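**Q** Output the structure for:
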Amino acid sequence: MATHAKLLALLTATALSLAAAEPKKAPLDLSKLPPAASGPVDFARDIQPLFAAKCYSCHGAEKQKGGLRLDIKAAALEGGDNGKVFLPGKSAESRLVHALAGLGESGIMPPKEKPLTPAEIGKVRAWIDAGANWPDDGKLAEKKSDHWAYQPVKRPAVPQLRGSDGAVRKGSNGNQRSNTPTLQHSAHPIDAFIRARLAKEKLTPSPEADRPTLIRRLSLDLLGLPPRPEEVRAFVNDKSPDAYEKLVDRLLASPHFGERWARHWLDLARYADSDGYEKDRPRPFAYTYRDWVIAAINSDLPFDQFSIQQLAGDLLPNATHAQKVATGFHRQTLTNTEGGTDQEEFRCKAVVDRVTTTATVWLGSTMGCCECHSHKYDPFTQREFYSLFAFFNNANEKAIPAPTADEQAAYEKAKRIHETEAKQLESALDSYTVTGLPPKLAAWLKTASLDAVPWRALTPDKLAAKNGTTLKADKEAVITAGGAVPAKDTYTVEAKIALKRLTGFRLEAIDDPDPKKGAGRSKDGNFVLTRFAVKLFVPGQFEGKELELHNAKADFTQKNFSVENALKGEDTSGWAVAPQQQKSHVAVFELKSPLDVPEGARLVFTLDHQYKETYLLGQFRLAATDAGGPLKPDFTPDAVAAALAAKPDQRTAKQTEALAKFFREQVDEQGKKLKAALDDHAKKAPAAPATTAAVLAEEPGVRKTFIHVRGNFLDKGTEVRATVPAVLHPLKPRAAQPDRLDLAQWLFAPENPLTARVSVNHVWKNLFGRGLVATVEDFGKQGEKPTHPELLDWLASEFPRLGWSRKALIKSIVTSATYKQASVNRPELQERDPNNLLLARQNRLRLEAETVRDAYLAASGLLNPKVGGPSIRPPLPADIAALGYANSVKWTESKGDEKNRRGLYIFFQRTVPYPMLMTFDAPDSNSTCARRERSNTPLQALTLLNDPVFFECAQQLGARMAEVPTADAAARIRHGFERALARPPSAEELARLLKLYEAQLKLAQANADGAAKIAGAAKAASEVAEKATLVALGRVMLNLDEFFTRD
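**A** The predicted model follows:
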């Protein structure tokens, strides 16, 4: 200890000597500063040009040395890494002035260009001394708004087109507001914009695709499912002029439309069924948010309300349950439950994710870099990032009940049945109480008063446990053990004693249904009391006197665990109560001789549990008595004992009622039976559905928000308030303190230049494979420019006019001739527009991961079309699930056709995602995904050929072909081909498939064992070769490029 003190003293002395040796910074010589200009100074005229000429190269949009940016007001006021650079009214104390005059630590600024003259520095000083007035509407504000995306949306005129007859045709102006617009293809505004651009490039549009292609394209785009053969035939044979529009309306009305478009939205919402990070715990009820999205899209909830409810549904007036569930959008953030983590750090990470996700989804802006510094290219500062952070900083994460309709209906039904049965049991008990009980009660009262033992419950003054158990007593003197459950423990209870004489003690072991279902803390609810001892402490004496106990009795004892063992104090035995551990029990301990109690004496009870791990009492109560005679281990409450001791004519009405109740429920056999039946029935009350929804809820008060210097949540900079980026329109909050609802409504203000553009671009991307702005997530300077800016703005202005109806917008797009074009490439297009940016044809698109699987299941007939509900777990190799944290991923395969539900419903474990989905480019769900990659790899082909799910689909498709009531191979092949590709095979295709059929049939006949494995179930051995051959053909059809391509 002395050595440590000497070492500490030595280190302290060394530190002090080093500190003393450091040279002190010399105070700045402010007399060297040029004087402030005497005349008036205007920011736009005098200051901003100086900043632009001398400062922007190092402190502008491209660079921000020292974290300082001087081309944007908010950033300049915020300062740099070392704080503010100018203090309004105090130019002599402003570091900016020191740097300009060469008095700062870094020398004169700017270091490379010609420095400012004394007169120019004087102007800067005068400007600061006058309050550093920096108008929001100055030239700088105009300069930073030049980028196209930040300009107001203006509805452009629809181009006029000249037809082949020379007549001028103008597209419809679309002024009619309708939720289901009907537009003629030749006059469709979308076509007018597209064809005007094509004409400018001297290109022509492609002809309309054939009807099988159109229905397959539309079905895949709107439902994510291929059409059935009968649907294709019906559309092909429908010669009415509105056949296509009727098809569009039917698909938009399908419940599967919500599933398909929910998948697009869930990419943006970074939806998953687990927490992420190392432990990646499952979120069993995450699907409640997914179901809300599906229902909202199917009901065509206007997109503005769809968005506002997800951002701030809980803040809406009289928010409904569904509107609260909608806030699950921002509960899809990752959650870190690793030991030792700083929860505030990961709360801040979640808030940062909410800011960047909101910016990407609704503003098409990449603001992630602003967590650490102002944006290098776009007009967003770090201060503005944390001002947006403030909107979400006051939100708490919570869960609310969210049963499905089926769960709630089943619960309500079970509850009604249970209540009816309870009333019947109560009626039986009441009837007996009135008719059968009175004579028995009268007879009992004559003898019971003679046997009554008055027990006095002991109220604990001090409670302690040796090994960490926490003991607490309630107002009824019931002591409950809590906290961690140690292996063994000793409880000590100290209490005053009001009795003048003592003859014995009572211990009640009280059944506690929560959580162990018994009086004990072991897993089975049992306990083993190895020692029960009592000491009497008299005032003025240090040592207590241990009282001698004998004649222990209990209402029930476990075999070989008699209550008398508790007086022996041996660790190998004690008092236990199995198999009746789910009931309360009582034990009494008599004093060997009655004891007179001195004034002020105290009792200290010791209850030892040294038998086996966790066999500890969980809930108990102690009492004492001065009654003589042998004590009985009964549960006579103190109030009942007092009533029995009173003379019958002196009993109060309350005492009489207590006696009747006690006799009926504790003494009389028929009464006990009826009461037990009622109590048992109460325990069987149906539990409310456990399904919950993760939501956001506003915290009372306001949590302060600070800039995190370089993104470090521990390094707090300037305090900021909730507001929006200066480059966009101003916020109009409902109250002094803006909240998430203000932000959500600001996104849909008519002046917002981004939300509508970004939203229609998402829809366009989902229908054409590429947005009018290819970088759907980035409308900033680093993103791509729109290929058809006028069309983008026309759609952005049209969307609000359609009441933000997603279905109306989609219908408008898919009914255009542009959408209905054939996707076949042409030589002149390949040369002039290889990436089809001008849209002279439709795009051929590889199906997304979930749609590939859904198409296989649908074509084979295996698809379970059930909409909504818990996530599913299709077959997965055990070694894949074992890759999860500490082998904790429990992948219990879904039973029956549950495993054949749509890919949208596959349980998404962030650290062990379903392999097939990832092979086909599904996002990892760790962050928002506005644009999926599309790849074509050998792994995809191997998956489709070898994954058991896809092989089973091929087997089922083969079985469907075999069910065609004809022995004609060509007819069976045609049936399978139409199921797979939604069109009949050409003569050449049929000939090639027949040739393959014949070759495969010979192989199957020659290899009966192999054919049997491929064929699956077959009614007779003669069918095996035929069915195996059709399965082989089914595999070919389902693995054609055309099958997993949307044409």
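**Q** mean confidence for the strand or helix carrying Glu230?
**A** Assigned by DSSP states H and E, Glu230 belongs to helix 229-237. Across helix 229-237, the average pLDDT comes to 98.
**Q** Centre of the chain to the following helix or strand past that helix, how far?
**A** Tracing the chain past helix 229-237, the next element assigned as helix or strand by DSSP H and E is helix 243-253. Distance of helix 243-253 from its chain centroid, counting by CA atoms, centre = their mean, to the nearest Å, is 34 Å.
**Q** what does stretch 593-604 give?
**A** The answer for stretch 593-604 is 61 Å, by CA atoms, centre = their mean.
**Q** same check, this time on stretch 957-973
**A** 47 Å.
**Q** what's the answer for stretch 277-284, then?
**A** On CA atoms, centre = their mean, the centre of stretch 277-284 falls 11 Å from that of its chain.
**Q** can you check stretch 41-53 too?
**A** 49 Å.
**Q** pLDDT of that stretch, averaged?
**A** Averaging pLDDT along stretch 41-53 gives 89.
**Q** try stretch 813-820
**A** So the average pLDDT for stretch 813-820 ends up being 98.
**Q** Flag the shaky bits of the protein, pLDDT-wise.
**A** Scanning the chain for pLDDT under 70 picks out the ranges 1-26, 61-62, 136-145, 162-186, 449-452, 513-516, 635, 1017-1021.
**Q** Please parse it into its domains.
**A** As assigned by automatic domain parsing, the chain contains the domains 32-144, 150-205+755-843, 302-402+696-752, 404-444+653-689, 453-635, 948-1046.
**Q** and the end-to-end length of the second one?
**A** Taking CA to CA, to the nearest Å as the measure, domain 150-205+755-843 stretches 30 Å from start to finish.
**Q** on that earlier part again, switch the domains of the chain over to TSV, and while doing so, append distance to Leu857 to every line.
**A** To be clear about C-beta, it is placed using only N, CA and C from the backbone, and glycine gets the same treatment. Shown next, in TSV, are the domains of the chain (distance: least, CB to CB, whole Å):
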stretch	distance to Leu857
domain 32-144	51
domain 150-205+755-843	22
domain 302-402+696-752	26
domain 404-444+653-689	23
domain 453-635	43
domain 948-1046	6
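**Q** Tell me which of those lies nearest to Thr937.
**A** domain 948-1046 (12.9 Å; CB to CB).
**Q** part of a strand, is Leu772?
**A** No: Leu772 is assigned coil when assessed by DSSP: H, G, I helix; E, B strand; the rest coil, not a strand.
**Q** right, and Leu845 touches Arg934 too?
**A** Yes: at 7.3 Å, Leu845 counts as touching Arg934 under the criterion of CB atoms under 8 Å.
**Q** Looking at the two, which is more packed in?
**A** Leu845 (20 against 12; other CB atoms under 10 Å).
**Q** For that one, give me its contacts.
**A** By CB atoms under 8 Å, 6 or more residues apart in numbering, the residues touching Leu845 are Gly769, Arg934, Thr1045, Arg1046.
**Q** what comes into contact with the longest strand along the chain?
**A** Taking DSSP state E as the criterion, the chain has its longest strand at strand 585-596. Contact with strand 585-596 is made by 500-509, 519, 532, 534, 536, 547-556, 563, 566-567, 575, 577, 626, 628, 630-635, as judged by CB under 8 Å, 6+ apart.
**Q** Now the buried members of these.
**A** 502-509, 519, 532, 534, 536, 547, 549, 552-556, 563, 566-567, 575, 577, 626, 631, 633-634 (16 or more other CB atoms under 10 Å).
**Q** on that earlier part again, show me the one of the domains of the chain that comes nearest Pro212.
**A** Between those, domain 948-1046 lies closest to Pro212; by CB to CB that is 3.9 Å.
**Q** how long is that closest one end to end?
**A** 24 Å.
**Q** if we can go back for a sec, mutual contacts of Leu845 and Arg934, please.
**A** Gly769.
**Q** picking up where we left off before, which ones among the buried ones among the contacts of strand 585-596 are found in helices?
**A** The members of the buried ones among the contacts of strand 585-596 all map outside helices under DSSP state H.
**Q** Give me the subset of the residues you listed lying in strands.
**A** 502-509, 532, 534, 536, 549, 552-554.
**Q** any chance you could map the helices in the stretch 401-550 of the chain?
**A** Using DSSP state H, counting those that start in this stretch, the helices of the stretch 401-550 of the chain run over 405-435, 437-451.
**Q** What are the buried residues along the longest one?
**A** Under the neighbour-count criterion of 16+ other CB under 10 Å, helix 405-435 has Leu425, Leu429, Tyr432, Thr433 buried.
**Q** can you check stretch 672-683 too?
**A** Neighbour count says stretch 672-683 has Leu674, Lys675, Leu678 buried, by 16+ other CB under 10 Å.
**Q** hmm, who's touching that stretch?
**A** Contacts of stretch 672-683 (CB under 8 Å, 6+ apart): His418, Glu421, Ala422, Leu425, Glu426, Ala428, Leu429, Tyr432, Pro513, Arg664, Glu665, Gln666.
**Q** Between those, which sits nearest Phe951?
**A** His418 (47.7 Å).
**Q** give the contact list for the closest one.
**A** His681, Lys684, Ala685, Pro686.
**Q** can you check Trp455 too?
**A** Arg506, Ala623, Ala624, Thr625, Thr636, Asp638, Ala641.
**Q** now it: how far from Val586?
**A** Relative to Val586, Trp455 is positioned 10 Å away (CB to CB, to the nearest Å).
**Q** How about Ala234?
**A** Plainly put, Ala234 is 78 Å away from Val586 if you go by CB to CB.
**Q** ditto for Ala971
**A** Applying CB to CB to Ala971 and Val586 gives a distance of 83 Å.
**Q** Those two: who's more crowded?
**A** Val586 (22 against 13).
**Q** So which of the contacts of Trp455 is the closest to Phe706?
**A** Nearest to Phe706 among the contacts of Trp455, with distances taken as CB to CB, is Ala623, at 57.9 Å.
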